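Peer 1: got a predicted structure here, sequence first:
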Amino acid sequence: MAEKSTPISRKEKKEQERLLNQRHWLKEEEELYGLWDKAYNAGGEKQLKHLAKQGKQPVRQLIGQLVDPGTDFLELSRGAGFGINYEAVKDVPSAGIVTGLGKIHENWVMIIANDSRVKAGAYFPITCKKHLRAQDIANQSGIPTVYIGDSAGAFLPMQDQVFPGRGQFGRFFYNMCRMSAKGLKQYTLSTGGNTAGGAYTVYLACESIMIDKMSYSFLGGPPMVKSAIGEEISMEDLGGARVHTTISGGADHFVRSQDEGIKKLRELLANDAPQKVCIDRRASEEPQVPIEDLYKILPKDPYKGLNTRDVIACIADGSKFTEYKKNYNPGRGDGIICGKIRLRGLPVGIIAGNGIGVIFVESARKAIEWVLRCTSAKIPILYIQNSPGYMVGTKEEYAGIGKYGSGMVRACACSNVPMIQWIIGPDHGAANYGMCGRAYDPCFIFNTMRGRTSVMSGRTAGFILTTLERGNAKKRGVEMDENAAEEFQQKMIDRYSEQAHPFYPESRLFHDGTIPLKDSRDILAKAFEVSLLKPIPDSTFGNFKF
């Protein structure tokens, strides 16, 4: 007689589910590391040999030498440009430019470095966007910028999308001028060509460094000079390092190698005043719940509910969370949870989508109150985005969901405290706005492999668009074929699901990078530290409707 199987306890079932979650997210993050490998190895062995022949190192290797020993370079938007599908090219690995934050002599510095392995460092529209985003971060945070220049200039087949507009090539130099006028230091190390407008990166820097027989800077290269005035001249004699450091004065320091150039950069940056955060910072305390538990806590299905308090316990100092209005209207008021933590010693206000994340009137009101309180106390805010949107229907509209949803938008838009969005689940519709999406200028947005950013979920979009198609068919006096309807609906689900996946918005720079769960606490803490180097100004909010 067969033995009866022992029933699995609820606790055992829960642990099995947690282990399945863990395996799922670890596998998902293998895709992330694979994307990074593509960024790091643009052009493959062929391009590495080409660099070596020129006496050059890969740009990330140079950055590793530049930042303080034993510190990490916080690279931003490594996935930018992949799958961008321009007419001329499908991928522009990392947008052809490396940007990120590093510590040099213990001060935070923004680093913007061309990767000459990607189309000779030419600028595509996505390259311009990434360069400008890095300058925005440096400008908002009040930190120095280092440019490592090696670029062919604008990608000529797309010149109409790169050259003349406000968010394009010329804006780099406008920003350099404005940042300099504010007293923000900028340094350039030219490691290759800086042609036409790109030459301004050398000329506009506070101090610039050029490398003998490797760096060139001119408004028009030898072919243009020959075409324009018939003069024949070499690159070296037209705009090499000796020309600009001894004759024109366009550059300031002459060196003979990249290594010497990096050493000179560190020497220049050693003179900058030490930075300090403008807030009460206390000793850091490790969480009681390991950060690795995030892999078990977050359900495989991005649309399955979770207790976000468990997530907060993994990142908060000592896993301590002082919650605001914890017992307010259970079931409706806890779609968003609010409160305060310390993160590496920094005080941080929390606004987090909870459960399945649907925002009811009560949740929205609580969130508004908490933004106002954090703003009044000049405490930065971490938005943990896990919300598919605001609740719909007659009951909610009568209760004022539009009014209070717009109140969240106003609070988010007008608060001057540093704000960071961390996406751990659905990120749809107006919840993207009220929870501080890209349009609301957070200091940083970091995604996870669980994040899903789009106007609505694939399932919802598929249903709505199929319903509209059925209605249009009916107006034409025909019934929609059900097989065709099912095929159309699945097509819409697939399209929205693809576009919501974290790699898609990162490719287009709608966020600042998809990050591994295990690194989230450290990255968020570093981002807040950079964001708090300037005093927090007062805020005004205009006309709230209560």
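Peer 2: Yep, that arrived.

Peer 1: drop to CA atoms for contacts and neighbour counts, all remaining ones
Peer 2: Noted.

Peer 1: can I assume G542 sits in a strand?
Peer 2: No - read with DSSP: H, G, I helix; E, B strand; the rest coil, G542 is coil and lies in no strand.

Peer 1: per-residue pLDDT, it?
Peer 2: Predicted confidence (pLDDT) for G542: 88.

Peer 1: what about it, distance to C414?
Peer 2: From G542 across to C414, the span is 8 Å (CA to CA, to the nearest Å).

Peer 1: my read is E232 is in a strand, agree?
Peer 2: No - per three-state DSSP, E232 lies outside any strand segment and is coil.

Peer 1: just to revisit the earlier point, neighbour-wise, which of G542 and C414 wins?
Peer 2: Per other CA atoms under 10 Å, whichever of G542 and C414 has more neighbours is C414, with 16 against 9.

Peer 1: what sits against the more buried one?
Peer 2: By CA atoms under 8 Å, 6 or more residues apart in numbering, the contact set of C414 is S539, T540, F541.

Peer 1: next helix or strand past the worst-scoring helix or strand of the chain on mean pLDDT?
Peer 2: Taking mean pLDDT, DSSP states H and E as the measure, helix 458-475 is the helix or strand of the chain with the lowest mean score, a mean of 80. Once helix 458-475 ends, the next helix or strand along the chain (criterion: DSSP states H and E) is helix 482-500.

Peer 1: between that next one and helix 458-475, how many degrees?
Peer 2: Counting by axes from the mean of the first three to the mean of the last three CA atoms, to 10 degrees, helix 482-500 lies at 140 degrees to helix 458-475.

Peer 1: can you name the residues in contact with helix 482-500?
Peer 2: 451-454, 456-459, 461-463, 465-466, 470, 504-505.

Peer 1: give me the buried entries from those residues.
Peer 2: Burial by neighbour count, 16 or more other CA atoms under 10 Å: within the contacts of helix 482-500 this picks out 451-454, 456-458, 461-463, 465-466, 470, 504-505.

Peer 1: so, if you compare the residues you listed, which one comes nearest to D427?
Peer 2: T453 (4.6 Å; CA to CA).

Peer 1: quickly find the element holding the closest one.
Peer 2: Assigned by DSSP H and E, T453 falls within strand 452-454.

Peer 1: for stretch 26-36, buried residues please.
Peer 2: So, applying 16+ other CA under 10 Å, buried residues of stretch 26-36: L26, E29, L32, L35, W36.

Peer 1: need these in a markdown table (columns: distance to M214 and pLDDT).
Peer 2: Conversion of the buried residues of stretch 26-36 to a markdown table gives the following (distance: CA to CA, whole Å; pLDDT from 0 to 100):
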| residue | distance to M214 | pLDDT |
| --- | --- | --- |
| L26 | 43 | 98 |
| E29 | 39 | 98 |
| L32 | 35 | 98 |
| L35 | 31 | 97 |
| W36 | 28 | 98 |
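
Peer 1: the closest residue in space to M158 that isn't next to it in sequence and V118, how far apart?
Peer 2: In space, M158 comes closest to F124 once its chain neighbours are excluded; the distance is 7.1 Å by CA to CA, 6 or more residues apart in numbering. Going from F124 to V118 by CA to CA gives 10 Å.

Peer 1: those two: which is more packed in?
Peer 2: Taking other CA under 10 Å, F124 and V118 do not tie; F124 has more neighbours (28 against 22).

Peer 1: thinking again about what came up before, what residues does the residue nearest to M158 make contact with?
Peer 2: So F124 contacts A95, A154, F155, M158, Q161, V162 (CA under 8 Å, 6+ apart).

Peer 1: could you look up the SS state of the first one?
Peer 2: The three-state assignment at A95 reads helix, by three-state DSSP.

Peer 1: any idea how far it lies from S116?
Peer 2: Noted for A95: a distance of 11 Å to S116, by CA to CA.

Peer 1: tell me which of these two has more neighbours.
Peer 2: Higher neighbour count among A95 and S116: A95, with 33 against 24, using other CA under 10 Å.

Peer 1: right, and I148 touches Q186 too?
Peer 2: No - using CA atoms under 8 Å, I148 is not in contact with Q186, being 11.0 Å away.

Peer 1: so which of the two has more stuff around it?
Peer 2: Counted by other CA under 10 Å, I148 and Q186 do not tie: I148 has more neighbours, with 28 against 24.

Peer 1: hang on, the more buried one in a strand?
Peer 2: Yes - assigned with three-state DSSP, I148 falls within a strand.

Peer 1: which residues sit against stretch 419-430?
Peer 2: Stretch 419-430 is contacted by residues 302-303, 380-390, 405, 435-437, 442-457, 528 when judged by CA under 8 Å, 6+ apart.

Peer 1: bridged to V255, which residues?
Peer 2: I211 (DSSP bridges).

Peer 1: give me the distance between it and E506.
Peer 2: As for V255, its distance to E506 is 37 Å (criterion: CA to CA).

Peer 1: try I384
Peer 2: Taking CA to CA as the criterion, I384 is separated from E506 by 18 Å.

Peer 1: do the same with M408
Peer 2: 25 Å.

Peer 1: swap in Q135?
Peer 2: Per CA to CA, Q135 is found 18 Å from E506.

Peer 1: ditto for I424
Peer 2: Per CA to CA, I424 is found 15 Å from E506.

Peer 1: ditto for G230
Peer 2: Distance from G230 to E506, counting by CA to CA: 46 Å.

Peer 1: out of the two, which sits in the busier spot?
Peer 2: Between G230 and E506, E506 has the larger neighbour count (other CA under 10 Å), namely 23 against 11.

Peer 1: quick one, phi psi at that one?
Peer 2: Backbone torsions of E506, given as degrees, to the nearest 10, read phi -70, psi -40.

Peer 1: which strands and helices sit next to the host helix or strand of Q140?
Peer 2: Element membership for Q140 (DSSP H and E) is helix 125-141. The contact analysis (3 or more CA pairs under 8 Å, 6 or more residues apart in numbering; DSSP states H and E) places helix 125-141 against strand 97-104, strand 107-114, helix 169-181, helix 520-531.

Peer 1: could I get these as a markdown table with mean pLDDT, distance to S363 and mean neighbour count?
Peer 2: Written out in a markdown table, the entries for the helices and strands packed on helix 125-141 read as follows (pLDDT from 0 to 100; distance: least, CA to CA, whole Å; neighbours: other CA atoms under 10 Å):
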| stretch | mean pLDDT | distance to S363 | mean neighbour count |
| --- | --- | --- | --- |
| strand 97-104 | 98 | 35 | 24 |
| strand 107-114 | 98 | 37 | 25 |
| helix 169-181 | 95 | 40 | 17 |
| helix 520-531 | 98 | 24 | 20 |
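
Peer 1: which one of those lies nearest to G192?
Peer 2: Closest of those to G192 is strand 107-114, at 9.7 Å (criterion: CA to CA).

Peer 1: each with direction, which strands does the closest one pair with?
Peer 2: Strand 107-114 has these partner strands in its sheet, going by DSSP bridges: strand 97-104 (antiparallel), strand 145-151 (parallel).
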